[in-house]
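In: Quick one, fold the following:
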Amino acid sequence: MRTLTIALTLLAALLTGAVPASAANIVEVTGFGTNPGALKMFRYVPDGLPAGRPIVVAMHGCTQNAAGYGEQTGWRALADSGRFSLVLPEQQPGNNFNRCFNWFQSGDTARGSGEAESIAQMVRRTRADTGGTTAYATGLSAGGGMTSEVLASYPDLFAGGAVVAGLPQGCATTMVDAFSCMNPGKDRSPAAWGDSVRAASGHQGRWPVVSLWQGTADYTVAAANQRELVEQWTNVHGIPATPSETDSVAGYPHAVYRDGGGRAVVETYSLTGMGHGQPVDPPACGTAAAYILDVGICAAARIGAFWGLG
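Out: Residues are numbered from 1 along each chain as shown. Below you'll find the model as predicted:
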């Protein structure tokens with residue numbers, strides 16, 4: 001009930017215009033660290049943001065850019081209503097011609113290395129600049145694949161994540177392998193998927209909670225990947241890969257997986273008939289564009305609610 005209330009509050013704020021007025025813009029931040037992955041860092045910090053507010057990292061998909069993704073998905077507007085900092089990594093053509101994050105290359109996903117470390121440095125810089133504490137990561141497609149990777153490599157840095165039309169952590173190690181992960185997907189045991197996450201950092205503490213979004217008519221990243229992601233993250237949390245409860249949100253199947261204490265640690269949204277992209281709900285949330293799909297539900301607001309932002 002609390003997450004539904006937060007989601008409705010965020011959506012109502014966007015619909016009515018009751019979002020704090022802000023002259024802030026999405027701006028590039030330089031000098032955020034050694035940047036071994038050679039990424040660009042963009043950031044949005046609402047005017048008057050108090051110290052100690054959360055940080056959300058949102059990663060674009062292939063062919064997209066940071067600012068466009070932040071605006072079109074609704075994340076920038078939600079940063080105003082939810083009062084958090086928004087970090088927007090941007091891939092460079094020199095790293096990947098199609099501007100895809102390299103979620104399938106070990107040199108870019110291992111803890112302390114490449115693009116994953118660059119993203120971690122962006123979070124650390126934002127913490128230093130804003131006094132922010134809790135951080136979350138989300139992304140679409142290749143950005144979703146990189147979200148899986150940074151959640152595994154830096155579970156001490158991120159309290160939660162959301163993978164939208166993305167891939168399980170550790171699915172591929174080469175570009176050729178990546179295509180088979182995307183479609184038809186790889187079928188591994190829950191234990192094998194979970195072991196891959198655990199091996200990425202040796203973490204012994206609490207694991208990030210994860211929201212998983214997938215279109216059933218996505219022929220770029222097959223819907224089977226959502227099942228494998230569920231198996232991976234429920235195994236990491238030590239719970240069965242069967243939902244604790246199911247319902248329908250905006251007409252779409254939604255499932256929640258709770259731990260022994262009743263905390264929702266994994267959730268799924270199955271977007272019936274949706275292709276490859278991020279769900280938005282204009283004009284309340286986002287703007288339809290290539291791979292930003294108007295399907296009557298705001299992924300960003302629902303993800304924020306799952307994380308407890310508001």
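In: And the helices in this protein?
Out: Under the criterion DSSP state H, the chain contains helices at 2-16, 66-72, 75-82, 106-109, 114-130, 142-153, 175-182, 190-199, 224-237, 299-307.
In: Among those, show me which one is buried the most.
Out: Most buried of these, by mean neighbour count (mean count of other CB atoms under 10 Å): helix 142-153, with a mean of 30. The way it works is simple: take the backbone N, C-alpha and C, and place the C-beta from them, glycine included.
In: for that helix, what is the average pLDDT?
Out: Averaged across helix 142-153, the pLDDT comes to 98.
In: what angle sits between it and helix 114-130?
Out: Angle, helix 142-153 to helix 114-130, by axes from the mean of the first three to the mean of the last three CA atoms, to 10 degrees: 80 degrees.
In: helices or strands up against helix 142-153?
Out: The contact analysis (3 or more CB pairs under 8 Å, 6 or more residues apart in numbering; DSSP states H and E) places helix 142-153 against strand 55-59, helix 106-109, helix 114-130, strand 135-140, strand 158-164, helix 190-199.
In: Is Cys285 in contact with Ala301, as I believe?
Out: Yes: with contact defined as CB atoms under 8 Å, Cys285 counts as touching Ala301 (5.7 Å).
In: May I have the phi/psi pair for the residue nearest to Glu115 when sequence neighbours are not counted?
Out: Spatially, and ignoring its direct neighbours in sequence, Glu115 is nearest to Gly37 (3.3 Å; CB to CB, 6 or more residues apart in numbering). Per-residue torsions, Gly37: phi -90, psi 0 (degrees, to the nearest 10).
In: right, and Gly37 touches Gln92 too?
Out: No: with contact defined as CB under 8 Å, Gly37 does not count as touching Gln92 (9.1 Å).
In: Which one of the two is surrounded by more residues?
Out: Ranked by neighbour count (other CB atoms under 10 Å), Gly37 and Gln92 place Gly37 first, with 24 against 11.
In: Share the number of residues neighbouring the nearest residue to Asp247 once chain neighbours are set aside, please.
Out: Nearest in space to Asp247, with sequence neighbours left out and distances taken as CB to CB, 6+ apart, is His254 at 5.4 Å. His254: 17 surrounding residues under other CB under 10 Å.
In: Distance of His254 relative to Asn35?
Out: In this view, His254 and Asn35 are 38 Å apart by CB to CB, to the nearest Å.
In: ditto for Gly94
Out: Applying CB to CB, the value for Gly94 to Asn35 is 13 Å.
In: same question, Pro279
Out: For Pro279, the distance to Asn35 equals 31 Å [CB to CB].
In: Which one of those two is surrounded by more residues?
Out: Using other CB under 10 Å, the more surrounded residue of Pro279 and Asn35 is Pro279, with 28 against 18.
In: so what's the more buried one up against?
Out: Contacts for Pro279 (CB atoms under 8 Å, 6 or more residues apart in numbering) come out as Val164, Trp213, Tyr269, Leu271, Leu293, Val295, Ile297, Cys298, Ala299.
In: Could you rerun that using 10 Å?
Out: Contact criterion CB atoms under 10 Å, 6 or more residues apart in numbering gives 73-74, 140, 164-165, 213, 215, 250, 252, 269, 271, 285-286, 292-300, 302 as the residues in contact with Pro279.
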